[in-house]
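Enquirer: Make a model of this:
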Amino acid sequence: MPDPSRPTAGSTSSPDEGTPADVVAAEPSAPRRSPGPQVRPKNGIDRYFEISARHSTTARELRGGLTTFFTMAYIVVLNPIILTSIAGPDGTPGADVEGTVLPFGSIAAVTALIAGAMTILMGVVGRYPFALATGLGINAIVAVFAATQLSWPEIMGLVVLEGLLITVLVLTGFRKAVFEAIPPQLKTAIAVGIGFFLTIIGLADAGIIRPGNPLISFGIGGQLAGWPTLVFVVGLLLMSVLVVRKVKGALLIGIVVTTVLAIVVEAIADIGPRFGDDGENARGWWLQVPELPDDVVSSPDLSLLGNFSLFGGFERIGVLAALLIVFSIMIADFFDTVGTVTAVGAEGELLDENRNLPKSQPVLLVDSLAAAAGGAGSVSSNTTYIESTAGVADGARTGLASVVTGALFLIAVFFTPLVAVVPAEAAAPALVIVGALMVTQIRYLSWDDMSLVIPAFLTIALMPFTYSITNGIGAGVVSFVLLRLVTGRRRDIHPLMWVIAAMFVVYFALEPLQQLL
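Expert: Model prediction:
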């Protein structure tokens, strides 16, 4: 378990075409861990995944893979909820424009299947501890389009096209070039912003913060109330103590102990879900009710696999309108991964001196293929998950951890009832702790140049407040280009940054453009 006070991956940069000399000079350097002497691999697995070379052990990788799985297993339940939550034209929840509703159980099973397959592929090919699953935010966009404009096969076909388009961008080297063109100041701000983003996700999942008047309220009526809230608080304090005491597997231990506590509390108090058939129960569990299931094993329904129409959306709403949908999903997918890879890599000290991930091409390729795979499975685009930071914080450094996480997702295809035992309130404390670890990188930002401070601040602020990594990156990129331009530092702007900024301007103006069309 890393020490929260330890130096994280540095932001020290050397002048190159993407990082001009005066930009580098304006940004403080961060100490980096010395690589030390070369460690001889213990076996073939060690050699392939570079376990010893990255100062890890097989036990740490297994533990990190378990932690990542338990932290993000909620997606198996949450994705079906999101995809079936918006009412279609006839008022039926989850119905598309043709009145078709996706089967809840099949969404859960296929969500786990594709997450498992693509996460294992990431571990074997990418060799980094990144886990993949259906992207939150993107699945909500997909649900809205299905309820208002397209059938489920048509919108999923556009998701497949989006994934294939990003794959082409990876193969041509464009996606990697974009990743490396973003200046170190913004990359550090992305990692910090995601730290706050993880924190607000954890607090929202636990019910500590809720939608209120004017924007966000504290608990229920300004007070913390309910047994699930107490379970979260106990879990947060327990994980804090374990992290500070440098206990190995602190986050995993915390999740398991908190889950057991939640099961006991539910068995005694019979709390029930926050949203049920009888309406809202403000003091209930957010997603999963921590009850031991009647059936541990279930036969998976995989009928959604291959249920997509590649060009049906173009026929229904026209070429330009369909292309705008593909573009909006692509931007969200593209830059969510940039932020996630930067943040997870920084937490694991895996970035180089320019804040880039070495040998990132296979990682970006698998991530792109995962987007297409999610559409082909009718469960929305799959992407690299920020919850991977939980596993990295618990020791994971290599693709072996991803193989473990992926294998658990494949097992979850048959054990969906058992996965649902872990409540969000038990996993949420891990997100808050990881957020605290990531925010420590704020000390590497430059604070003496407002043309760097404002883009960094907008990046950090908009991620949690708009619940979107993409929005934060977009605000940072556009403001960086503008402010370097008006301060006479045009030569500091990498040519690709102009392209990225233009793409984000279109992205932010997408609604007016759609209305014009």
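
Enquirer: In contact with the nearest residue to Thr68 once chain neighbours are set aside, which residues?
Expert: Excluding the flanking residues, the one nearest Thr68 by CB to CB, 6 or more residues apart in numbering is Gly391, at 3.3 Å. Yep, even glycine has a C-beta here, placed from its N, CA and C like the rest. Counting by CB atoms under 8 Å, 6 or more residues apart in numbering, Gly391 makes contact with 64-68, 71, 129, 131, 401, 405.

Enquirer: Could you dump the residues you listed into JSON lines with neighbour count added?
Expert: Output for the contacts of Gly391, formatted as JSON lines (neighbours: other CB atoms under 10 Å):
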{"residue": "Gly64", "neighbour count": "31"}
{"residue": "Gly65", "neighbour count": "31"}
{"residue": "Leu66", "neighbour count": "22"}
{"residue": "Thr67", "neighbour count": "34"}
{"residue": "Thr68", "neighbour count": "34"}
{"residue": "Thr71", "neighbour count": "31"}
{"residue": "Pro129", "neighbour count": "36"}
{"residue": "Ala131", "neighbour count": "33"}
{"residue": "Ala401", "neighbour count": "35"}
{"residue": "Thr405", "neighbour count": "35"}
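
Enquirer: of those, the lowest pLDDT goes to which?
Expert: Lowest pLDDT of the contacts of Gly391: Thr71, 85.

Enquirer: Run through who's touching the helix or strand hosting it.
Expert: Here Thr71 is covered by helix 58-72, with elements defined by DSSP states H and E. With CB under 8 Å, 6+ apart as the test, helix 58-72 has contacts from 45-46, 49, 51, 129, 131, 133, 248-249, 251-252, 255-256, 385, 387-388, 390-398, 400-405, 408-409, 422, 427, 430-431.

Enquirer: cool, and stretch 259-266?
Expert: 227-228, 230-231, 234-235, 271, 285, 289-292, 421-423, 425-426.

Enquirer: Tell me where the stretch 101-250 of the chain has strands.
Expert: Remark: strands assigned in the stretch 101-250 of the chain by DSSP state E, counting those that start in this stretch are 132-134, 209-211, 216-218.

Enquirer: could you redo these as CSV and give each row distance to Phe480?
Expert: Output for those, formatted as CSV (distance: least, CB to CB, whole Å):
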stretch, distance to Phe480
strand 132-134, 29
strand 209-211, 30
strand 216-218, 28
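
Enquirer: Out of these, which is the most enclosed?
Expert: Among the strands of the stretch 101-250 of the chain, strand 132-134 has the highest mean neighbour count (mean count of other CB atoms under 10 Å), at a mean of 31.

Enquirer: Give the residue spans of the chain that score low on pLDDT.
Expert: The model of the chain has pLDDT under 70 over residues 1-38, 85, 213-214, 277-279, 287, 419-420, 517.

Enquirer: so Ile114 sits right up against Ala372, yeah?
Expert: No. With contact defined as CB atoms under 8 Å, Ile114 does not reach Ala372; the gap is 10.4 Å.

Enquirer: Neighbour count for these two, which is higher?
Expert: Of the pair Ile114 and Ala372, Ile114 is the one with more neighbours under other CB atoms under 10 Å, namely 26 against 21.

Enquirer: how deep is the nearest residue to that one once chain neighbours are set aside tucked in, by neighbour count?
Expert: Sequence neighbours aside, Gly377 is the residue nearest to Ile114 in space, at 4.8 Å (criterion: CB to CB, 6+ apart). Other residues lying near Gly377 total 28 when counted by other CB under 10 Å.

Enquirer: Please name the residues that touch Gly377.
Expert: 110-111, 113-114, 304-306.

Enquirer: And it, how far from Gly306?
Expert: To Gly306, Gly377 is 8 Å away according to CB to CB, to the nearest Å.

Enquirer: How about Ala262?
Expert: 37 Å.

Enquirer: With Leu215 instead?
Expert: Relative to Gly306, and taking CB to CB, Leu215 is found at 42 Å.

Enquirer: Kindly report the same for Ala191.
Expert: Ala191 sits 38 Å away from Gly306, going by CB to CB.

Enquirer: So for the two, which sits in the more crowded spot?
Expert: When neighbours are counted by other CB under 10 Å, Ala191 and Gly306 differ, and Ala191 comes out ahead with 31 against 11.

Enquirer: right, and the more buried one touches Thr340 too?
Expert: No. In this structure, Ala191 is not within contact of Thr340 by CB under 8 Å, at 10.0 Å.
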